[in-house]
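Asks: Sharing a sequence plus its predicted fold:
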Amino acid sequence: MSLLRTALYGKHLSLGAKMVEFAGFEMPVRYTSLSEEHHAVRTRCGVFDVSHMGEFIISGKEALSLISYVSSNNPARLSVGQAQYSCLPNDTGGIVDDLLIYRLDESKYMLVVNASNIAKDWEWIFGHNRWSAHMEDISSRISLLAVQGPAAKDLLQPLTDIELDKIPYYHFAKGELAGQKDIIVSATGYTGSGGFELYIPNEGVSAVWDAIFSSSTKDLVVPAGLGARDTLRLEMGYCLYGNDINDETSPLEAGLGWITKFDHDFIHCEKLLKQKEAGVSRKLVGFEMLERGIPRHGYEVLNSDGQEIGFVTSGTQSPSLDKGIGLAYVSVPHHLKDSSLYIQIRKKTLEASVCKLPFYNPPK
């Protein structure tokens with residue numbers, strides 16, 4: 001089966017990007033080096049082509065009823081122009097996917113889902129649509145650029161009539177950008193360094209990309225690949241579906257209680273409420289290495305007696321902190337801050353410590 005390509009595939013090749021398979025797409029993992037792109041986002045600006053993500057439009061008078069039932073967070077709290085992070089609980093207390101919910105108008109919403117789960121999420125939501133809300137998958141028609149970093153506003157403001165300063169965090173506006181109309185500019189992101197996400201019809205994304213990378217802005221911005229996107233999100237302690245959360249992990253185990261609101265009826269809510277009241281037996285924690293070593297997905301986590309108490313879900317050498325960091329599920333009470341953990345890295349057992357998230361706090 002051939003891999004899918006985004007509308008900017010040719011741009012990536014012309015920039016010498018190293019392309020890899022990801023979620024069925026041929027995507028840029030890096031252009032220069034992971035470290036250079038990572039630090040550019042932390043200090044200036046980086047642009048990620050994340051057009052592989054999926055977008056669903058759910059509309060009609062029953063749209064809110066459907067979205068409310070399938071999502072753990074409460075979309076009734078959204079005002080028009082606001083976005084919300086949520087997850088889709090399954091029938092057994094795990095997570096179908098995590099997603100963003102945008103309220104486009106009074107009865108129209110956009111759901112942004114992970115690329116690897118587009119078909120799965122569509123079938124899940126469609127299968128629970130007893131209200132017959134109108135559903136449309138626009139994933140193949142929409143490109144998405146994540147313009148991330150402290151210089152993002154200065155970079156984008158000359159290109160748009162939208163007043164970027166007036167878009168609060170987790171809100172969005174719609175307008176013209178780089179001569180392209182009907183662009184959604186969202187003050188969201190996956191890096192922790194501020195910035196915007198741009199939802200652009202495929203036919204206009206090349207013009208937007210070229211405007212962002214014009215000669216007058218080349219000192220402010222670099223193209224960035226999925227490698228840097230992963231290290232940036234991990235420094236913030238953000239979950240990655242397939243690594244840190246999946247069909248078998250409870251949102252309460254994963255530290256996502258803050259997006260699990262029991263003020264509305266949703267799939268499996270009664271059992272999740274019982275789990276909340278009883279307490280979970282394992283929790284997702286952040287840890288930092290006290291010895292030199294790089295934790296990776298799947299590595300065993302041990303206690304001081306050498307007994308297995310969990311496993312690493314994500315790990316890396318933090319470019320910002322210059323030390324190994326990771327996320328892991330560990331049994332209670334080993335989740336407490338400053339608890340000693342021992343990570344089995346190849347044939348060595350190296351000490352780590354549970355720490356508060358995020359690992360890195362970008363300057364305000």
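Replies: In hand now; what should we look at?
Asks: can you confirm residue 42 is in a strand?
Replies: No. According to DSSP: H, G, I helix; E, B strand; the rest coil, the state of residue 42 is helix, so it is not within a strand.
Asks: Look at the residue sitting nearest the centre point of the chain and give its secondary structure.
Replies: Ranked by distance to the mean C-alpha position of the chain (Cα atoms, centre = their mean), the top residue is residue 190 at 5.0 Å. Under three-state DSSP, the three-state class of residue 190 is coil.
Asks: pretty sure it contacts residue 229?
Replies: Yes. Shown here, residue 190 and residue 229 form a contact pair, counting by Cβ atoms under 8 Å, at 6.6 Å. The way it works is simple: take the backbone N, C-alpha and C, and place the C-beta from them, glycine included.
Asks: Contacts only, for residue 325.
Replies: Shown in contact with residue 325 (Cβ atoms under 8 Å, 6 or more residues apart in numbering): 234, 235, 286, 287, 288, 289, 295, 315, 316, 317, 318, 359.
Asks: Common neighbours of residue 190 and residue 229, please.
Replies: Contacts common to residue 190 and residue 229, judged by Cβ under 8 Å, 6+ apart, are residue 146.
Asks: before we move on, which element is residue 11 in?
Replies: Using DSSP states H and E, residue 11 sits within helix 9-14.
Asks: Can you point out the buried residues in that helix?
Replies: Across helix 9-14, burial judged by 16 or more other Cβ atoms under 10 Å covers 9, 11, 12.
Asks: Do I have it right that the last one meets residue 18?
Replies: No. Applying Cβ under 8 Å as the test, residue 12 and residue 18 come out as separate, 9.3 Å apart.
Asks: Strands along the stretch 201-350 of the chain, start to end?
Replies: Assigned by DSSP state E, counting those that start in this stretch, the strands in the stretch 201-350 of the chain fall at 222-223, 282-289, 300-302, 308-318, 323-331, 340-345, 348-355.
Asks: Ok, which of the ones you listed comes nearest residue 78?
Replies: strand 282-289 (26.2 Å; Cβ to Cβ).
Asks: farthest-separated two in the contacts of residue 325?
Replies: Across these, no pair lies farther apart than 286 and 317, at 14.9 Å, counting by Cβ to Cβ.
Asks: With neighbour numbers in mind, choose between those two.
Replies: residue 286 (23 against 17; other Cβ atoms under 10 Å).
Asks: tell me which residues in stretch 98-106 are buried?
Replies: Buried residues in stretch 98-106, counting neighbours by 16+ other Cβ under 10 Å, are found at 98, 99, 100, 101, 102, 103, 104.
Asks: quick revisit: any residues in contact with both of residue 12 and residue 18?
Replies: Here residue 12 and residue 18 have 28, 31 as joint contacts, going by Cβ under 8 Å, 6+ apart.
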